[in-house]
Structures are given as structure tokens and as C-alpha cells.
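S.K.: Turn this into a structure:
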Amino acid sequence: MAEDTELRYDPAKIEPKWLERWAADARLYAAEPAANGKPKYYVLEMLPYPSGQLHMGHVRNYAIGDALARHMWMRGYNVLHPMGWDAFGLPAENAALKNNTPPRQWTLGNIAAMKRQMLRLGLGYDWATEITTCLPDYYRWNQWFFLRMLERGLVYRKQSKVNWCPECATVLANEQVIDGCCWRHEDTRVEQRDLEQWFLRITAYAQELLDGLEKLEGWPEKVRTMQRNWIGRSQGAEIDFRFERSIKDILEEESGVAKPATSQERPAIRVFTTRIDTIFGATSVQLAPEHPLVTELAAHDSGLRAQVAYLIEEQKKARESGDVAAIEKHGVPTGHFAVNPFNNELMPIWVANYVLMDYGTGAIMSVPGHDERDFEFAKKYALPIRRVIAPAHAGAGALNGSSSSLEPEEAPLPFTSEDGVLVNSGEYSGMTCPQAQKLLQEAAARGAFGEAKVTYRLKDWGVSRQRYWGTPIPMIHCERDGLVPVPDDQLPVVLPENIEITQQGGSPLARLPEFVNVKCPKCGEPARRETDTMDTFVDSSWYFYRYIDAQNAQAPFDSAKARHWFPIDQYIGGVEHAILHLIYSRFWTKVMRDLDIIANDEPARRLFTQGMVIKDGAKMSKSKGNVVSPDDMVARYGADATRMYALFAAPPDRDLDWQEDGVAGVSRFLGRVYRLVTKYSCVVRSSPPASRDREASQTAAALLRKLHQTIARISLDFEGRWHFNTCVAAIMELVNELQAADAQLASGEIPAPVVAELLRTLVLLLAPFAPYLAAELWEELGEQSAILRAPWPQSDPGLAKEEEIEIPVQINGKLATVVRVPAGADSKAIEAAALADRKVQLRAAGKTVAKVIVVPGRAISLVVK
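M.R.: As a prediction, this is how the structure comes out:
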């Protein structure tokens, strides 16, 4: 037996040895062909942006996925566990400005550095499937997909008000604006600008994206709720209100000052409402400041024009602050009127700063009696407020059209509930809100002045970016033929490498004549190449499909391979991607399905969102300067201790408060495991697995019981709960019991076959969490095959079953003691054990046991008087 000095755990010696061996085995982590017959398991962590260095937040994410992948390999699955790089993006351009380093050089250098870190951490990725989204062999397929979407009417270009980040000097999608600030620059206020932009028509899939959430039972409810809210389905009606000119216009016309006109020259004002049942309570129509009718009216009224400009500026500031709903409500009357089609009542037309052009139709009917915003506005400008909905229990007087029977304290205005009946609403009075909504919509349709309508908060995805480091949009501007797509045989449109990066004057590509000036592929005349690049979320919307066929030069991937591997069995990443990457990738999957290149509707069957790593009270991030490098931890404590701490310190779905002392503690524990296994490895090597003696000593039986309980506990966690922290804790408890039995192990009291089972299984249980040490100890125990291919241990329920169990005893509702009884003891045996306990006898001395309640196997309660 080796001396203790020779049993020192030295990860700096062990880990490089195994890193070299693993690197030499190209098939170790490779997925096998589908024809091998094994069940498939595709486990994936979200790919990183190559910022240059991993931090412990990354390590936690990757350690979770790696533990799962290793467990599934050991369970006999054909595992696909790839990794790649979300390599386009703004930081590369910023680095070019700061360090005078070309973005490509900066990015590829960072990728090499981060890959070295991943390898050193022992992460089990199949690097043959690696993708890098900034390379032409990847982004050519971004362009190919763009053209296929263009053919299907899912791509269009229009002038649009866009979110502009001054720091990024580019456009942001709505999803990239968080609390009025840029998602990358948390302190930079986003501005509003008007630009010609390319859009993907994600709204064409709005209902399907919403409906699909019901099928994603393996996704966290929090993520599904966030997506439901972002899609924002509203069901209601669109109603036309006829425009009526102002009295001033009519008088001017009659006096010959103005050209004769009729209200029919202007189209009706179409209003969207979710509460058509309140239409008899409408007392004005309000338009968004940028509504086309407002623009038309203001063109002939300088006073109105100035006031509208002020409202637009207010709305712009509110958008930039990220909270339009909280805007102080202001408005201006136009002097014109609209006609309510249900009662022919004239209502004033106002322009209001809280009405948004990009929601509904940009026009609302204002019902101050039953809408809080309208009520606030009406109070401010002394507009009429009318009750048309009363509580369902309102008296007969209310239903007859008089609101006098309603006490103010019973239903104060605004009364916004739909649990009511209509009043003051003509023939619809007395109906419930749902009844009236149905009949009013039908009446509008019959009268050709309205229809039922569904709208969505979700807007089309603006993918234009005025930056260099992204996928070039494959379109050409021709004076003769307009917008012309680049032919497939001319893809990829390659991003030029030698270019001056600035943050001025739009895209740097526009200043590169050799890139911009091309011949039109349709007519052959001189034309201009599109200089906008794609939003980098395009790259990450489909990358996981490319992993299955990363070297394919003829197609994005092979459809047969996609049918085998998809959907992803387990996807892992941060909840912050719920309405960015995750909703875009769902959209992209549905488009690819409709292109008939995949069969699945959703990209991933299960989603796990890990908690953040917190240091100094804030999320660990480069921008906050609180990053802990895994390199430092690996150098001090080893990769296994670094990974295992990330899994042990908190449940994976909770935030982890970083403590370096915890890594040191895990390292000490691994040292204990190393010493224990190596101390008795000679016993194991000389005793191959054999049938156990069921009549083993009490200590041996207790250790086997603990072992099989630990197997069951860890296996259950991998199957569902994912409480890897309790998995590690269970291994620690097992090691504690083994060390407590050291004397019996050393004396030979515990049979060699039992020692062999205990230590072999301990090493197998450790393998997903500390792969380097597990590989070293597996070899130390005389095993020749890779531990990754060793079968996962199975729990024997008979061995795991406790011989005795603890039963808490309550007296008059308070815990008095705990008694031990044989497992499976009946109620009488439990009662006898409780009454024989000395603590119970002392508490019950001089009293009568009036009642006994036994829950077999759980508890006993005594009532004494």
C-alpha cells in the first residue's frame, strides 16, 4: 500500500495527462451515425460570443450541459454535444476602433483563446462539428435563407421609425431595447430615427408562435409567459368612424374661401378596440400624433402642426425612456369630428400622445367611463364621461337606461371589468358584455363599417444594421429593375476584410467602391450592392441545425440528419434570451419547416435556464469588472474542482453567489476521494466484480445500502430535477460513510467484492461532475476502457431499502422524540416503540394517553391528558 505522501491529489499533474489523451482520441466525444440503433440525445448549451475570455458564468452553463452529456453517454445514448461561436457582433468593431485590430483577426484570436479554456476545463464537445458564424461557409446560408424568405413574401423593405443606439451607431430590434436602453449598453438611451430598413415578417407566424407555447411543456413557465406577453394577442374589432369636417371648414367653404369638399374625400377613421361593448360610451376619437390623417390636417393648420410636433417629441422621449405607458397624457383637439356608426353621435377628434401608431390602427375610441387612460385624459380636458357598463348585480333602474340606482361606491368610474351588463346602450342595454360584443361585431359586419379583428403586440423583425461586422444582405439596388436579389450561384456575398471602421456616416461598407459597385444580375447595368448587414440574431436563429452537418457545402444541412436529431432534447441557456434568441429561433424553425427542409415545429423539446453567477452583489460580467477567470481557478484548484463547485454551490436554476473558498473546499473533498480510492485500489484490482454475499457484515450492508441510495438519488436528479448540488452532496455523504468505515476496510472485515463495488461505483458516480479525477481513478482501479463508455450504475431497490426507519413522535402537537423501527413496521409496532421510549414516558408521566394517530412509515401523534 502506498504511503500517504504518494497519495496527494495533484490536479496539475493528473489533468494535463488526460487532456492529452482525450485530444488524441477524435471519436471520444463524436456522435455516431444514426444507423447505429442507439437512442439519440442532443444536448446543447447556447453558443457564446467570443469576447476573449470565459468567466465563471460561462463555466456554470457549460458544466451543467457537460455533466448531462456524460451521464447520457454512460447510459448508452448516441449523444450529440457540439460547440461553436456566435462570432459576428458589435464588440469586434469596437475593438477595431480601440486597438486598431481588424474584427476578423480579433474574433478568431478570441475564439482560439476560449477554445483552449474549454479544452482545459475538460468539456466534452465534438469539435469536428464546430461552427463559426463570421466565416463565409456559415453566413452564406444566412443569405440563402434570406432569399428563400424573400421568395415567400417574408422579407420586405420600408421606411420605418427605428430604435437607434448612439453608442452602437446602429439600429436595434424592439426586443433589444430594455427599459429604454440598449441591451448591450445598459446606460445608453435608445433614440428614435426614420430609416429605410429590411424586415422579416415574423408576424405571419404570430398565432402559431403563440399556440406552440402550449406544446412546449418541457420549457420553463416563466419563459413561456414572457413569450406570450411579447406576442401580445388582442382580440377585438375594427370599427370605421366617418370623418366630419369642422364648422370652420364648412363656413369657409360656404363663403368661397375654401375649395368645396365632402367628408367622403377622406377615408373613415378605422379604430381598433378590444371592448366594442363600450362603444356607446365613446365621447371622442383620439389619433396617434403620426397618424396619416393628423399629418394631412396639420399640413393646412400651422397651429395644429406645432402642437402635434410637441406631442411627437413627448412620445419620442417616452419611448427612449422605455415606459410609454407612464407618459403624462397630453392632447390637442383638431376641431374636426367623427361619427359613431352605432348612434350617429358626433365626437371630437383629438390627437393624443399616449396613442401609438404601431399598435392597432393608431386610432382609438376614447371611453373614459371604462378605461383608466381615457378617464385620466377626459378629466384633464373636461371631456364627457359616460357610464355604459354596470356591475352584473346592478338594479333594474340601471338596466332600463338610468344609472341613478347605482351607488358611486358600488361601481366607481372608470369601471373596467367585463363582468357586467350594458346600460345606456340602446337595444343592447341589459346584455352581458360577452353577449354584446358578439352582437355588436355582427352588426358592424352587416353594416360594412367594421369586423372582428385580432392584433398582436409582436412586430416584424427589423434585421438591417448599419455596421460592418455582420452578414451582408444579398440584395442589389438597380435604377432600372429596383431591388434585385443576388443569385444563389453568386453566394456568399463575402464581407471584405480590409476596411476602415468608424462610427460615423452609416455602414463602413458604403465607403468601399469595390464592394458597392456591381452589375445588376438581371439587366447587366451598373448597380449598387446593399450595404446594410444582418442583425446578429439571424446567426443564432438556426445555428444548432448546422452542427449536425457542419461541413456541408451544398446545403445548410442534410434534411435526413435533421429529421434524426431534431428537436434538441435539452437546450441550456440564460432566461435573458426568452424574447430574443428563443422567439427568433422558433420563428426560423417554422420557416424551415415550411421550406420542407425539416419536419419539426419547434427547435427544442426541453429548455433549462440556469441561474446567474453573482459577485459583489451583481451579475458577473466584463462590463461590471467583477469577472472571475476560470484560468485562475484551474491553476489553483484544478478544472474538476472549478466545475464541481459551479454545480455544487447552488441549485442550477438559482443564482450562485461566488465564493472562492467554496472551490478550495471542493478541491479538498476531491483530495479525500483520491486518497480513499488509491488507498484501496489494490484490493479492487485483485477482486474483479463478483456476486455479493447477502450475509455480509452489518457495516458492509450499511455501506451497500448507502451506495445504492446514492445511485438512485443521483439517477433521479438527472432524469428530472437537475439538483446537481444535491447530487454532489450525496457523493460527499457516501464518501463520509466510507471514510468512517476505514478501520473495517483496512482490516478486511468488508469483503473484497463489496469494496470493489463500492469504489468502482463511487468513481462512476463522480464521472459526470469531475471527469479528470474519475478517469484517473478508473485507470487506478485497473480498468482499461474509457470511463465515458462504462455503463451507468443501477440501483438495487433491495439493497437500498432501509432496515430501520426513523419515526417522529409528537405529543399534543409538539415533537417529543424520534424512534427507530423496522422498515415496514405496522401501526401497532410503531405505537409500541413510541410508548416504550423514555422521553415519551417522562412527558406522559401521570397522564392518560387519550388518542394515538399513526401514519405508517411517516409519523405518530399522541394526545395525552
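S.K.: what's the distance between the one helix or strand Val634 maps to and the middle of its chain?
M.R.: Following DSSP states H and E, one finds Val634 within helix 630-637. Chain-centre distance of helix 630-637: 30 Å, with Cα atoms, centre = their mean, to the nearest Å.
S.K.: counting contacts, what elements does the helix or strand following that helix pack onto?
M.R.: Counting by DSSP H and E, the next helix or strand C-terminal to helix 630-637 is helix 639-648. Counting contacts by 3 or more Cβ pairs under 8 Å, 6 or more residues apart in numbering; DSSP states H and E, helix 639-648 is packed against helix 11-24, helix 56-74, helix 630-637, helix 660-679, helix 724-740, helix 771-780. For every residue, glycine as well, the C-beta is placed using N, CA and C.
S.K.: cutoff 7 Å now
M.R.: Secondary structure elements in contact with helix 639-648, counted by 3 or more Cβ pairs under 7 Å, 6 or more residues apart in numbering; DSSP states H and E, are helix 56-74, helix 630-637, helix 660-679, helix 724-740, helix 771-780.
S.K.: Next secondary structure element downstream of that helix?
M.R.: strand 656-657.
S.K.: Mean confidence (pLDDT) on stretch 647-654, please.
M.R.: Stretch 647-654 shows a mean pLDDT of 92.
S.K.: coming back round to it: next, the angle from the helix holding Val634 to helix 639-648.
M.R.: Inter-element angle recorded for helix 630-637 and helix 639-648: 110 degrees (by axes from the mean of the first three to the mean of the last three Cα atoms, to 10 degrees).
S.K.: For helix 630-637, list every residue counted as buried.
M.R.: Neighbour-count burial for helix 630-637 flags 630-631, 633-634, 637 (criterion: 16 or more other Cβ atoms under 10 Å).
S.K.: quick one: least confident helix or strand in this structure?
M.R.: For the chain, the helix or strand with the lowest mean confidence is helix 396-399, at a mean of 45 (criterion: mean pLDDT, DSSP states H and E).
S.K.: pLDDT below threshold where in the chain?
M.R.: 1-6, 173-175, 184, 247-265, 320-323, 325, 394-410, 503-505, 623, 688-696 (pLDDT under 70).
S.K.: related to what we said a few turns ago, make JSON lines from the buried residues of helix 630-637 and add distance to Gly482 to it.
M.R.: Below are the buried residues of helix 630-637 laid out as JSON lines (distance: Cβ to Cβ, whole Å):
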{"residue": "Pro630", "distance to Gly482": "53"}
{"residue": "Asp631", "distance to Gly482": "54"}
{"residue": "Met633", "distance to Gly482": "58"}
{"residue": "Val634", "distance to Gly482": "57"}
{"residue": "Tyr637", "distance to Gly482": "63"}
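S.K.: Out of those, which is nearest to Glu15?
M.R.: Of all the buried residues of helix 630-637, the one sitting nearest Glu15 is Val634; the distance, using Cβ to Cβ, is 8.0 Å.
S.K.: which non-adjacent residue is nearest the closest one?
M.R.: Nearest residue to Val634, sequence neighbours excluded (Cβ to Cβ, 6 or more residues apart in numbering): Thr642, at 5.5 Å.
S.K.: if I pick that neighbour, what's in contact with it?
M.R.: 59, 630, 633-634, 663 (Cβ atoms under 7 Å, 6 or more residues apart in numbering).
S.K.: repeat that for 10 Å
M.R.: Applying Cβ atoms under 10 Å, 6 or more residues apart in numbering to Thr642 gives the contacts 11, 56, 59, 63, 120-122, 628, 630-636, 663, 666-667.
S.K.: Which residue ranges of the stretch 501-650 of the chain form helices?
M.R.: For the stretch 501-650 of the chain, helices defined by DSSP state H, counting those that start in this stretch occupy the ranges 513-516, 543-546, 559-565, 581-594, 630-637, 639-648.
S.K.: Burial-wise, tell me which of these comes out on top.
M.R.: helix 639-648 (a mean of 28; mean count of other Cβ atoms under 10 Å).
S.K.: quick one: the host helix or strand of Ala338 to chain centroid distance?
M.R.: Assessed by DSSP H and E, Ala338 sits inside strand 331-339. Chain-centre distance of strand 331-339: 44 Å, with Cα atoms, centre = their mean.
S.K.: For the stretch 151-300 of the chain, just list every one of the helices.
M.R.: Taking DSSP H, counting those that start in this stretch as the criterion, the stretch 151-300 of the chain carries its helices at 206-212, 221-231, 247-254, 292-299.
S.K.: Let's have the ones you listed in a markdown table, adding distance to Ala752 and mean neighbour count.
M.R.: Output for those, formatted as a markdown table (distance: least, Cβ to Cβ, whole Å; neighbours: other Cβ atoms under 10 Å):
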| stretch | distance to Ala752 | mean neighbour count |
| --- | --- | --- |
| helix 206-212 | 57 | 16 |
| helix 221-231 | 51 | 16 |
| helix 247-254 | 105 | 13 |
| helix 292-299 | 88 | 16 |
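S.K.: Put together JSON lines for those, with distance to Gly153 on each row.
M.R.: Converted to JSON lines, the helices of the stretch 151-300 of the chain look like this (distance: least, Cβ to Cβ, whole Å):
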{"stretch": "helix 206-212", "distance to Gly153": "15"}
{"stretch": "helix 221-231", "distance to Gly153": "20"}
{"stretch": "helix 247-254", "distance to Gly153": "41"}
{"stretch": "helix 292-299", "distance to Gly153": "24"}
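S.K.: re the thing from before, export the strand holding Ala338 as PDB, just CAs?
M.R.: Extracted in PDB, the C-alpha atoms of strand 331-339 (Å, rounded to 0.1, in the frame of the first residue of the first chain):
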ATOM      1  CA  GLY A 331     -53.500  66.100 -26.300                       C
ATOM      2  CA  VAL A 332     -54.800  68.700 -28.800                       C
ATOM      3  CA  PRO A 333     -58.300  69.000 -30.500                       C
ATOM      4  CA  THR A 334     -58.200  69.000 -34.300                       C
ATOM      5  CA  GLY A 335     -61.600  70.900 -34.500                       C
ATOM      6  CA  HIS A 336     -62.900  68.100 -36.600                       C
ATOM      7  CA  PHE A 337     -65.400  65.300 -35.700                       C
ATOM      8  CA  ALA A 338     -66.100  61.600 -36.200                       C
ATOM      9  CA  VAL A 339     -69.400  59.900 -36.300                       C
END
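S.K.: start the count at 58, not 1, going forward
M.R.: From this message on, residue numbering opens at 58, which makes the last subject strand 388-396.
S.K.: what helix or strand does Gln801 sit in?
M.R.: Counting by DSSP H and E, Gln801 is part of helix 799-804.
S.K.: before we move on, back to that, what separation do you get for the residue nearest to Val691 and Tyr119?
M.R.: In this structure, Thr699 and Tyr119 are 11 Å apart, going by Cβ to Cβ, to the nearest Å.
S.K.: same check, this time on Lys510
M.R.: 46 Å.
S.K.: Thanks a lot, see you next time.
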